[in-house]
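Asker: Predicted structure and sequence below. I'll ask about it afterward.
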Amino acid sequence: MKVIDLTHTITGGMPVYPGTEPPVLAPANTYEKDGFRETRITMYSHTGTHMDPPAHLFPGRTTLDRFPPEQFIGKALVVDCRALREGEPITMEQLRPYGEQADMADFLLFCLGWDKRWGTDAYFGDYPCIDETVLEYIRNGGYKGIGFDVIGLDPIADGNLTRHKRLFADRDIVNIENLCHLEQCGPGLFWFSCFPLKLDDCDGSPIRAVAWFE
């Protein structure tokens, strides 16, 4: 079985969304002093490769801990958008080549190749985002989730989080950000899992996103 890790490693100096703080991984216990090693972790719930539920934007909506575990596993399809230039929208033209496979997937994962900019200022640039037609296609498609190898579903300049709000308005779906290595998954359907931490009343969580091929 072939397995591909689609997750950025959480480190103290990793990129974070503007306005938040990077994670802190500090020694809590040491081999020398305590006979074992333990780390105190301080970070935002939307750190690194992470997942948003509807409760991220709307009070009273579904939190991650309220989703059944099957929400986080299924068949995925990578939509290759690497030919797009900065600021260009992701349209149905990028989805059409996949035909029925796009309808058969539980997760649509959009590959911009932006993970190659991870750790640089360019990662926070004008990455392509899905347009209104693609957003409506997703909302009407019964998907478990969508994902991107960029830092947001919306452009960083959109403080209103317009696409987030439209996605979650009346759908129980998850949104994944900061994926990596999507280009290694190929053009067809594959198994995908993206389990979050089971935190109480959870508005978001880092995940371990993995693709595997039997």
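Answerer: Cool, got the structure.

Asker: which residues touch the residue positioned nearest the centre of the chain?
Answerer: The chain has residue 176 as the residue nearest its centroid, 1.9 Å off, counting by Cα atoms, centre = their mean. Counting by Cβ atoms under 8 Å, 6 or more residues apart in numbering, residue 176 makes contact with 49-52, 107, 109, 145-148, 194, 207, 209. From N, CA and C alone the C-beta is placed, and that goes for glycine too.

Asker: can you check residue 118 too?
Answerer: Contact analysis of residue 118 by Cβ under 8 Å, 6+ apart lists 8, 15, 180.

Asker: Now the last one. Nearest residue, chain neighbours left out?
Answerer: Beyond its immediate neighbours in the sequence, the residue positioned closest to residue 180 (Cβ to Cβ, 6 or more residues apart in numbering) is residue 115, lying 3.8 Å away.

Asker: so that neighbour touches residue 148, yeah?
Answerer: No - in this structure residue 115 lies outside contact range of residue 148 using Cβ atoms under 8 Å: 9.8 Å.

Asker: Among these two, which residue is more densely surrounded?
Answerer: Each of residue 115 and residue 148 had its neighbours counted (other Cβ atoms under 10 Å), and the higher figure belongs to residue 148 (27 against 21).

Asker: pretty sure the more buried one is in contact with residue 107, am I right?
Answerer: No - if you go by Cβ under 8 Å, residue 148 and residue 107 don't touch, sitting 11.3 Å apart.

Asker: Please point out which parts of stretch 50-59 sit buried.
Answerer: The neighbour-count check on stretch 50-59 (16 or more other Cβ atoms under 10 Å) flags 50, 51, 52, 53, 54, 55, 56, 57 as buried.

Asker: Run through who's touching that stretch.
Answerer: With contacts defined as Cβ under 8 Å, 6+ apart, stretch 50-59 is touched by 46, 61-64, 67, 145, 153, 161, 164-165, 168-169, 171-178, 194, 196, 201-207.

Asker: Just give me the closest of the contacts of residue 176 to residue 184.
Answerer: Closest approach between the contacts of residue 176 and residue 184, by Cβ to Cβ: residue 109, at 11.6 Å.
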